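Asks: The sequence and its predicted three-dimensional model are supplied below.
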2 protein chains.
Amino acid sequence: MTRQRELIYGIVSAAPEHRTAEEIYDLARAQMPSLARGTVYRNLGLLVREGLIRKLEMPEAPARYDREPGPHPHLVCQRCGRVEDLATPEALLASIQADLPGPITGYDLKLYHICPACRGSGKDGV
Amino acid sequence: MTRQRELIYGIVSAAPEHRTAEEIYDLARAQMPSLARGTVYRNLGLLVREGLIRKLEMPEAPARYDREPGPHPHLVCQRCGRVEDLATPEALLASIQADLPGPITGYDLKLYHICPACRGSGKDGV
DNA sequence: CCTCCTTTTAGGATTGATTCCTAAAAGGAT
DNA sequence: ATCCTTTTAGGAATCAATCCTAAAAGGAGG
């Protein structure tokens, strides 16, 4: 485990934020200025493949990384892109699975809303 | 409504396939060889904004377009990328909504599996 | 079927997230 | 310290998607 990978994993696993690769790159460079962008992408991919973190593809926006690798739904703000974790609706998935012929190997459930912060300000935000 | 837009909408709405912009571009050019790729993208975006079709963002792959604009889950093959529509699990969504403070403005549920065709062939496919 | 004005198109350049490439540096046994 | 493997830095390359611009097409009056 190189210092670079440890730093990157530390940033993702330390907080519940779901950051983009670029945000992680900026935070990491504050501690290791020579860190290359490609190294961040490669290590994030590695950590995902090892099952330590999870990658969240976002519509019309860069992917975000979740320190919680297990499957669970996400609540996404349509304005600012902020993401929150939700509890897995076991019953719902079981009932859907019951109607299907083959096994479900994974799922991705995103629920969209306008977060309190964005609802407050009348602005259009990101 | 220009001939180009009618052609593009016709291709998406005619079949239950969930095609990529590139596939739609190829099919459309068979009938109108001068059609530009940018025109396909612009019109697909327009049709989505008008609510006539729906855009499906796919992980690590180009977006696909669904002739059914209403919200519903999708069953996605992890090998070949083929997409099928599923019925909306009203109860599931209602129970999730009940636990949240604000209104859900939309959702995206993808269930992953290996489709029968891909399961059959032992191959690695796309 | 002219005219004028607005919208759309073709074609190609551009963008932006992400991946790939290569020589140099770091790991990490022994 | 040595040797071999893995990883990194830095920058080029990729690719879906968007943007740009001059030319073409709509289309409302007449």
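Replies: It's in.

Asks: show me where pLDDT drops low in chain A?
Replies: Counting by pLDDT under 70, chain A has low-confidence residues at A:122-126.

Asks: Which residue would be the closest one in it to chain B?
Replies: Going by CB to the nearest CB, chain B is nearest to residue A:92 of chain A, at 3.2 Å. The way it works is simple: take the backbone N, C-alpha and C, and place the C-beta from them, glycine included.

Asks: quick one: the residue in chain A sticking out farthest from the centre from residue A:90, how far?
Replies: For chain A, the residue at maximal distance from the C-alpha centroid (CA atoms, centre = their mean) is residue A:101, at 29.9 Å. Noted for residue A:101: a distance of 21 Å to residue A:90, by CB to CB, to the nearest Å.

Asks: Can you list the buried residues in the lengthiest strand in chain A?
Replies: Counting residues, the longest strand found in chain A (DSSP state E) is strand A:106-113. By 16 or more other CB atoms under 10 Å in any protein chain shown, the buried positions in strand A:106-113 come out as A:107-113.

Asks: ok so, going back, which residue sits closest to the residue of chain A closest to chain B in space, ignoring its chain neighbours?
Replies: Once flanking residues are discounted, residue A:92 sits nearest to residue B:92: 3.2 Å by CB to CB, 6 or more residues apart in numbering or on different chains.

Asks: And the contacts of the helix or strand hosting that neighbour?
Replies: Per DSSP states H and E, residue B:92 falls inside helix B:90-98. The contact list for helix B:90-98 (CB atoms under 8 Å, 6 or more residues apart in numbering or on different chains) reads A:73, A:86, A:89, A:91-92, A:95-96, A:111, B:103-104, B:107.

Asks: filter those to the buried ones?
Replies: Neighbour counting by 16+ other CB under 10 Å classes A:73, A:89, A:92, A:96, A:111, B:107 among the contacts of helix B:90-98 as buried.

Asks: Next up, the contacts around the second one.
Replies: Contact criterion CB under 8 Å, 6+ apart gives A:73, B:92, B:95-96 as the residues in contact with residue A:89.

Asks: what separates the residue of chain A found nearest DNA strand C from residue A:19, distance-wise?
Replies: Going by CB to the nearest atom of the strand, DNA strand C is nearest to residue A:38 of chain A, at 3.0 Å. For residue A:38, the distance to residue A:19 (CB to CB) stands at 17 Å.

Asks: and what of residue A:9?
Replies: From residue A:9 to residue A:19 the distance is 13 Å (CB to CB).

Asks: re earlier: can I get the buried residues of strand A:106-113 in CSV including distance to DNA strand D?
Replies: Below are those laid out as CSV (distance: CB to the nearest atom of the strand, whole Å):
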residue, distance to DNA strand D
A:107, 21
A:108, 17
A:109, 21
A:110, 17
A:111, 22
A:112, 18
A:113, 22
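
Asks: So which of those reach chain B?
Replies: Taking CB under 8 Å from any CB of the partner chain as the test, chain B is in contact with A:107-113 out of the buried residues of strand A:106-113.

Asks: Domain ranges for chain A, per the record?
Replies: Per the record, chain A has its domains at A:1-69, A:71-126, by automatic domain parsing.

Asks: So which residues of chain A form strands?
Replies: According to DSSP E, the strands that chain A contains are A:19-20, A:54-58, A:61-66, A:74-77, A:83-85, A:106-113.
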